[in-house]
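**Student:** Show me the folded form of this:
(2 chains)
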Amino acid sequence: MTRYIVRRLLQFIPSMILIAFVGFVIMELPPGDYVSNYIRAQALAGNQDMVAQEAALRQQFGLDQPFLIRFANWTINLIRGDFGISLATRMPVSEIIGSKLGATVAVSLCVFILSWAIGIALGVYSATHQYSKTDNFLTTISFIGLGLPDFLIALAFLVLAWQLTGQVLTGLQSPEFIGKPFSIPLLLDFLKHLWIPVTAVVVTGMAWVMRVMRGNLLNELGKNYVTALRAKGVPERTVIWKHAFRNALHPLIGALSQTLAFLVNGFVITSVVLDLPTIQVTYLDATQAQDLFLAGTILTLIGFLVLLGTLVSDLLLAWLDPRIRFS
Amino acid sequence: MMKRLLLIALLVLALSSTVIAQQTYNEAPALAEKVAAGELPPVEERLPPEPLVIEPVEQVGEYGGTWRMLDQNNELGFTLMTTGVEGFLKWNRDASGFRPNVLESWEWNDDATEVTVHFREGIRWSDGEPLTVDDYLFWWNDMVLDETVPLDPASGTVVGGELMTLEKIDDYTLKFTFAAPNPLFLEAHSRGPWNSSQSLVPEHYMRQFHPRYNSEVTDTTELMNRYNTSTRLHYPDMPTIGPWMVTNYVPDQLATFTRNPYYWKVDTEGNQLPYIDNIQVEIASGPVPEQVALKAIAGELDMQVRDVALQDVPLILENAEAGNYRVIMWDRGDFAWPWLMLMYDLADDGLEDLMYTQEFRQALSVAINRDRINEVTALGLATPRQFSMLPQAEEFQSPEGQALYEEWANSYIEYDPEQAASLLDSIGVVDTDGDGFRERPDGTPLELVVTTFPDNPKVDQTLELLQQDWQAVGIKTALNLMTWDEYTTANQAGEVQIFAWPSAAGWGLLSAPTVWAPIEGVQWSMAGMNIGQYYQTGGAEGVPPREGSMLERLQEAYSRAVSATTAEERNAALLAAYRIHIDEGPITIGTIGQHPSPVVVRNNFRNVPETGLVASWDLGYPGTADPEQFFFDQE
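**Tutor:** From the prediction side, this is the model:
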């Protein structure tokens, strides 16, 4: 088992380099670069002296170097733990990501835990009570959840909250609490903002988990071993939770591989619409502005998390299912 | 007897002047507390001996309050336009000209090659250090002239190919010498949050980031970050001479500002400005008209100048009473949005011939249904007009100036497809192969390509209407998008036929004169970068305009205007230059312009003037409207 993990970890290295390289190439594909975008915006606003600075800026950022040299420099620094600076804010990339990670993971974890907990519970209930009134109701709800994009739900909540309280709850904190040390009012204010993105994304996320859970469990419940167990007189609770549920979990565990990446890069549009101070928004902005090192680092981070997630889910599956372990 | 009278008179004079000298000033309560606690020197010592007196727009205000606004991104551009417009001079509130600001006075020599400027004595940085000419000299000697600092000379500091020279007379007096007449230097050097607003940096603070003065510093990144306008407000420890200083900056979320205790302006009753205590800026990620609309309706903005979309005005107005705010219509200050730059240096010679044909250009202009563009893209609130400078410009203030302005702005804008068709017929641009589209005089197909930058929906909408209008008179028209780099390369190669420029700039001689005369090899130069380059390099590079053409005459007219040393001479020369645009016009084609720009203002937020021109940041609004005298009416 240990050898298996070590081998998988070693495979990370070429994959990571490839991911970083492809990410870098993609950032190069659109015509122009960060400097030309910046210069254009400045020129259109009237800062015409800035146009004369184009070459100097490019030199300052090292964008005048050939592509491969830039990539090599960046990769070597990356290994040393230096992610470079954001071209737009001139802040170290590590500092930017660090400052966003807390909020991002806080929102994502809430979303993840809630949508899986609720989704699994309702899915099991639906499957065991197939075609009952409750099942039909839950199925309807889940189809609505799957059909509506989460950002639309978020917008509806935003307007609803404004009509009820007169406050526009964008972001994750009211301005008076931003950058302040932790306190109870700060936590309450945070929660006041948090529910909008979390509820909106949970509605759609939960619906998916529920559909998958219901389908799989129904599938398992129709199998011969379940009939055999029931015929043996095993209590229904044990039949469902110990046997059928465990087997029905497999596809969900497989989907876990995407979860780590989801924690830092899920629900991008909702984040943008609600103006959340999360990595998703930073990543989108960085990509649009061709903020090379920032976007490259985030992409690499996401890639790393996908790889790690895959490993974790493989291990979980192996632990759950002896058949995988032995093959 | 006479002697005694004289003596008494002198005595009275002396007494009254001491009374003036001893005038007391008021300050904000919070500052008075700090003075009482010994944390700050008294207000009289913080202010210059003769502080700049600002006349309030409506009334003398009261201290207090936090101004809530929204900014687009971490560059904090909207905010800098509020707190950082403190240059040598300052635009008048109505943009009609300039008034003294950091400079108290200045004298030009007769041929406008030397100017001696006097800094206002006693201005202090927000940390209490005095502002002297050394702060400006630091920028020039240690940044611009220093090879290790990636900063090129600002426009206006290089004349006739030579750098200006600076001579320090004393701490408050500086002499500029130019190789050739440069009569508009001070004005051009006082635009927006750039130019002298940017160049005046606190030397005592900046030195620590300069490799020359601090051996621990190896590169100029930290220095440049504090110099560049898009990162300057990220440093709460950086002293400023603006009315508010940064106290906190949380990227992507929030920037807060508080009053500068050393601000050097007072109102007419001797109250130290600014009136408003704090500014709280929420930082969004990108353009935010939707958020602005929602926050405006919720009453969460005290004054928001930018990113209030015209389309949202009906909605915002509906909720004005409930949200306790009003909407003031400022002006984008655009002469056209977009304007159509016809290029006269084309790889396609046949098309170049057509561009040089006045009837062709007139046909293109009168074929445009500007009213329809106005209705569709601007709720009918903009003004259909020809490409021409703005009516506020100084040269239009005389009666003949106004007459010329009217004539220019209204030339060839009457929608008349029949006239367009007959104009095209008259120059042989007719449909010879019967496909519904006209061919060139030599019988080859004609297709115009109009190019613009991506991400400007308003321009896209306009161009789609324009395409319909031109196709309706038989001119096949295609639309095209290019990024900055693509556009630059294509322009230089003569491959851009018509470019729709999406911003607002151009103000006689002061701001981007190359939009009305091809005199610089830059992207926004009319007629094409190469023709501007030709003039800029004195014929060494680029492409000359055709001999005797209107473009050549415009270049000559510009030369005359720019070398005029008196305002009268200059205005006359400008009007003569604009006359070419009428007689040979249109040379660049206008669409609709002077779009209103809604400003959301809380009802008790006072002293906001009715005029403001917001699109070109050169004009520095709302800084130009003196935000230090805005106040909250607490009653």
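**Student:** Could you tell me how many residues sit around residue 256?
**Tutor:** Chain wasn't specified; assuming chain A. Residues lying near A:Leu256 (other C-beta atoms under 10 Å in any protein chain shown) number 19. C-beta coordinates here come from the backbone N, C-alpha and C atoms, glycine included.
**Student:** my question was about chain B
**Tutor:** 20.
**Student:** Any stretches of the stretch 201-327 of chain A with poor pLDDT?
**Tutor:** Across the stretch 201-327 of chain A, the ranges flagged by pLDDT under 70 are A:324-327.
**Student:** which residues of it fall in helices?
**Tutor:** For the stretch 201-327 of chain A, helices defined by DSSP state H, counting those that start in this stretch occupy the ranges A:224-231, A:236-238, A:245-248, A:250-256, A:259-265, A:268-274, A:279-288, A:292-320, A:322-326.
**Student:** How about A:Ala154: what's its closest non-neighbour residue?
**Tutor:** A:Ala200 (3.8 Å; C-beta to C-beta, 6 or more residues apart in numbering or on different chains).
**Student:** Can you give me every residue that contacts the one you found?
**Tutor:** Residues near A:Ala200 by C-beta atoms under 8 Å, 6 or more residues apart in numbering or on different chains: A:150-151, A:153-154, A:157, A:270.
**Student:** Which single residue in the stretch 51-200 of chain A comes nearest to chain B?
**Tutor:** A:Ala56 (3.7 Å; C-beta to the nearest C-beta).
**Student:** Settle this for me: that residue is touching B:Thr148, isn't it.
**Tutor:** No: contact between A:Ala56 and B:Thr148 fails when scored by C-beta atoms under 8 Å: they sit 11.4 Å apart.
**Student:** which one of those two has more residues nearby?
**Tutor:** Counted by other C-beta under 10 Å, A:Ala56 and B:Thr148 do not tie: A:Ala56 has more neighbours, with 16 against 12.
**Student:** I'd like to know how far the more buried one sits from B:Met224.
**Tutor:** 9 Å (C-beta to C-beta, to the nearest Å).
**Student:** which residues are in contact with both of these two?
**Tutor:** In contact with both A:Ala56 and B:Met224: B:150-151, using C-beta under 8 Å, 6+ apart.
**Student:** So which residues on the stretch 151-300 of chain A come close to chain B?
**Tutor:** A:158-159, A:162, A:166-168, A:170-171, A:173, A:175, A:178-179, A:272, A:275, A:277, A:281-282, A:284-285, A:288 (C-beta under 8 Å from any C-beta of the partner chain).
**Student:** Buried subset of those residues, written for ChimeraX?
**Tutor:** This is the ChimeraX syntax for the buried subset of these, where burial follows 16 or more other C-beta atoms under 10 Å in any protein chain shown:
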select /A:158,162,168,170,171,173,175,178,272,275,277,281,282,284,285
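**Student:** beta partners for B:Leu52?
**Tutor:** B:Leu52 has these beta-bridge partners by DSSP bridges: B:Lys265.
**Student:** if we can go back for a sec, would TSV of the helices of the stretch 201-327 of chain A with distance to B:Gln629 be doable?
**Tutor:** Converted to TSV, these look like this (distance: least, C-beta to C-beta, whole Å):
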stretch	distance to B:Gln629
helix A:224-231	80
helix A:236-238	75
helix A:245-248	70
helix A:250-256	60
helix A:259-265	47
helix A:268-274	36
helix A:279-288	35
helix A:292-320	40
helix A:322-326	74
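**Student:** Point out where the stretch 401-550 of chain B drops to low pLDDT.
**Tutor:** Scanning the stretch 401-550 of chain B for pLDDT under 70 picks out B:505-507.
**Student:** who in it is up against chain A?
**Tutor:** B:453, B:483-486, B:502-503, B:505, B:511-512, B:522-524.
**Student:** Show me those residues that map onto helices.
**Tutor:** B:484-486 (DSSP state H).
**Student:** quick one: A:Leu152 is in a helix?
**Tutor:** Yes: using DSSP: H, G, I helix; E, B strand; the rest coil, the secondary structure at A:Leu152 is a helix.
**Student:** can I assume B:Ala296 is in contact with B:Val308?
**Tutor:** Yes: the pair B:Ala296 / B:Val308 is scored as a contact, 7.0 Å apart, by C-beta under 8 Å.
**Student:** Need the overlap of contacts for these two.
**Tutor:** Joint contacts of B:Ala296 and B:Val308 (C-beta under 8 Å, 6+ apart) are B:316, B:600.
**Student:** which sections of chain B are below the confidence cut-off?
**Tutor:** Using pLDDT under 70, chain B drops low at B:1-22, B:505-507.
**Student:** How is it divided into domains?
**Tutor:** Annotated domains of chain B cover B:88-227, B:242-332+B:599-632, B:339-593 [automatic domain parsing].
**Student:** a markdown table for the ones you listed, including distance to B:Thr82?
**Tutor:** Below are these laid out as a markdown table (distance: least, C-beta to C-beta, whole Å):
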| stretch | distance to B:Thr82 |
| --- | --- |
| domain B:88-227 | 9 |
| domain B:242-332+B:599-632 | 5 |
| domain B:339-593 | 19 |
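**Student:** With respect to A:Leu301, which of those domains lies nearest?
**Tutor:** domain B:242-332+B:599-632 (17.5 Å; C-beta to C-beta).
**Student:** element containing the residue nearest to A:Ala154?
**Tutor:** helix A:184-221 (DSSP states H and E).
**Student:** quick one: buried residues of that helix?
**Tutor:** For helix A:184-221, by 16+ other C-beta under 10 Å, it's A:186, A:189-190, A:192-194, A:196-214, A:216-218, A:220-221.
**Student:** for the closest residue to B:Glu203 other than its chain neighbours, helix, strand, or coil?
**Tutor:** Spatial nearest neighbour of B:Glu203, excluding adjacent residues (C-beta to C-beta, 6+ apart): B:Phe138 at 3.9 Å. Three-state assignment for B:Phe138 (three-state DSSP): helix.
**Student:** any idea how far B:Phe138 lies from B:Glu222?
**Tutor:** 15 Å.
**Student:** List the contacts of stretch B:340-358.
**Tutor:** B:360-361, B:364, B:387, B:427, B:429, B:440, B:442, B:444, B:446, B:450, B:466, B:491, B:493-501, B:524, B:526-528, B:530-531, B:543, B:545-546, B:549, B:551, B:584-585, B:587-591.
**Student:** In ChimeraX, how would I select the buried members of these?
**Tutor:** Listed next is the ChimeraX selection for buried residues among the contacts of stretch B:340-358, using 16+ other C-beta under 10 Å:
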select /B:360,361,364,387,427,429,440,446,450,466,491,494,495,496,497,498,499,500,501,524,526,527,528,530,531,543,545,549,551,584,585,587,588,589,590,591
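**Student:** Which ones among the contacts of stretch B:340-358 map onto strands?
**Tutor:** Among those, the residues falling in strands (DSSP state E) are B:450, B:498-501.
**Student:** Tell me the one among the residues you listed nearest to chain A.
**Tutor:** Using C-beta to the nearest C-beta, the ones in strands among the contacts of stretch B:340-358 come closest to chain A at B:Trp501, 8.6 Å.
**Student:** and that closest one, what are its bridge partners?
**Tutor:** Note on B:Trp501: beta-bridge partners by DSSP bridges are B:Trp339.
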